[in-house]
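Q: Sequence first, predicted coordinates after that:
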Amino acid sequence: MRNTLKAPGSEPRHGVQAIARAAAILRALEEEPQGLGISELATVTALPKSTVHRLVTALAAERLASQDGEGRVRLGSAVARLGAASREALAEQLRPVLVDLRRRLDETVDLAVLDGVAVRFVEQVPAPRRLRAMSSVGELFPLHCTANGKALLAAMPTEQVEALLPARLERFTPQTITSRKKLLEELARVGETGVALDRGEHTEGICAVGAVVSGDGGNPLAAISVPVPAPRFYGREEELAAAIGAAAMAAARALA
């Protein structure tokens, strides 16, 4: 019997390439919630249409992608389940950092992640106070007027920020920034200082500080924020900013 020899390492290389191409398709779909056609996916990912079609079929079989009757491809239901599991693992891993920050400031501490075009709260350590700021875990909040949302935006390239922001920035309070130009200027300042501030921009009477938790290469993984009733916020900005900046660095080390 004649043996067929394969080049050493050829299969692993092919497998890695297939995973990288599938990941490129999933990233493209992440940025287009309304879905993309096969031709559009091929253009965005710079892959042959035949390759995209084959990978989409494989992803759909695992429910990582879905294709409607018009041929538009979207992220599948399994992605949401994986995302939920990932968020739970992240919250569990960073909870000691959140607890330490709550003890230091005696204020509520939140952990949030980017979820589509919004920020989702995934963990909270409440303050042991009668007057305290609270948000529900699992709730979605806008990016442009929250401390954690602005912290995440400031860690992204400008083109990604532009893609995430709605055409019209909704006003929630008289303090909400509704000018894209002014918001981009503020995000530039956040990028320099590492700390984002919400001065009653989402909810009147509630302010907050936020900082991004970065992974390898500076990729924003999550944001830690401390919401504070306005009477306890003003005059403490430097203290709050220093504490949350240190916590974000500790969280990054914990994840590394």
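A: Ah, there it is.

Q: how about the strands in this protein?
A: Per DSSP state E, the chain carries strands over the ranges 65-67, 73-75, 109-115, 118-125, 140-141, 196-203, 206-214, 220-229.

Q: Packing partners of the fifth one?
A: Strand 140-141 is packed against strand 118-125, with contacts defined by 3 or more C-beta pairs under 8 Å, 6 or more residues apart in numbering; DSSP states H and E. Every C-beta, even on glycine, is put in place using the N, C-alpha and C of the backbone.

Q: and if you look at the second one?
A: Contact here means 3+ C-beta pairs under 8 Å, 6+ apart; on that basis strand 73-75 packs against helix 10-30, strand 65-67.

Q: Tell me where the chain is predicted with low confidence.
A: Within the chain, the stretches with pLDDT under 70 are 1-15, 80-87, 129-134, 217.

Q: longest helix anywhere in it?
A: helix 77-105 (DSSP state H).

Q: So which bits of that one are buried?
A: V79, R87, L90, A91, L94, V97, L98, D100, L101, R102, L105 (16 or more other C-beta atoms under 10 Å).

Q: for stretch 241-253, same thing?
A: A241, A243, I244, G245, A247, A248, A250, A251, A252.

Q: Then stretch 66-78?
A: Here stretch 66-78 shows S66, Q67, R72, V73, L75, G76 as buried, counting by 16+ other C-beta under 10 Å.

Q: And stretch 53-67, by the same measure?
A: Residues of stretch 53-67 classed as buried by neighbour count (16+ other C-beta under 10 Å): H53, L55, V56, L59, L64, A65, S66, Q67.

Q: Would you confirm that the third one contacts A24?
A: So the one you mean is V56. No: using C-beta atoms under 8 Å, V56 makes no contact with A24, being 11.8 Å away.

Q: okay, and the common contacts of the two?
A: Shared contacts of V56 and A24 (C-beta atoms under 8 Å, 6 or more residues apart in numbering): none.
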